[in-house]
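**Student:** Sequence first, predicted model second:
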Amino acid sequence: MVKEKLEDYPVMIDPELDFEATKQHYGRGSCVYSIKSLKQHNKKIVYMWQQKESDEPVYDNGKYIGRKCIRGIIVAGYSTRQKGLLSFLKSRKIMIIPEKDKEQITAEILSSVTKKPAYIDFWG
């Protein structure tokens, strides 16, 4: 039996600080500003709303002031508990979504949100 690798549960930090830090480090700002979950049958899907700078420039009276920001969704995966002795003391983990389920999950997320995202990406 192959043991499935689990990822750490996503953590929120201050979106404004996150945006400025990624802008300085990578040259393009991005931040996660909301972590949500969606119940699907007996599984809980965890996803994050992300804002990032696109390639489209923004001008004000002919002067370049930055890049346009777009909002999208990053799907982390299924929320799961660790197994084993003293598992009740361990934090929740994320099980990556298999490739075959991604299309169905994309449709479910799109039907559950009111604002349509510019993109949907998956962990893994």
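**Tutor:** Arrived safely.
**Student:** Surely D121 and V75 touch.
**Tutor:** Yes. Using CB atoms under 8 Å, D121 makes contact with V75 at a distance of 7.2 Å. The way it works is simple: take the backbone N, C-alpha and C, and place the C-beta from them, glycine included.
**Student:** Please identify which of those two sits among more neighbours.
**Tutor:** Using other CB atoms under 10 Å, the more surrounded residue of D121 and V75 is V75, with 22 against 12.
**Student:** isn't that one right up against Q40?
**Tutor:** No. Taking contacts as CB under 8 Å, V75 lies outside contact range of Q40: 11.3 Å.
**Student:** what touches both of those two?
**Tutor:** Listed contacts common to V75 and Q40 are I105; contacts here mean CB atoms under 8 Å, 6 or more residues apart in numbering.
**Student:** Pull the residues that contact stretch 6-18.
**Tutor:** Applying CB under 8 Å, 6+ apart, the external contacts of stretch 6-18 come out as 30-35, 46, 48, 51, 76-77, 79-80, 82, 91-96, 123-124.
**Student:** Quick check: buried residues in stretch 72-83?
**Tutor:** 72-78, 80 (16 or more other CB atoms under 10 Å).
**Student:** can you put those residues in TSV and add distance to T106?
**Tutor:** Shown next, in TSV, are the buried residues of stretch 72-83 (distance: CB to CB, whole Å):
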residue	distance to T106
G72	12
I73	9
I74	12
V75	8
A76	14
G77	13
Y78	15
T80	20
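**Student:** among those, which are in helices?
**Tutor:** With helices taken from DSSP state H, there is no overlap with these.
**Student:** what does the average pLDDT come to for stretch 43-58?
**Tutor:** Mean pLDDT, stretch 43-58: 94.
**Student:** how about it: buried residues?
**Tutor:** Across stretch 43-58, burial judged by 16+ other CB under 10 Å covers 45-53.
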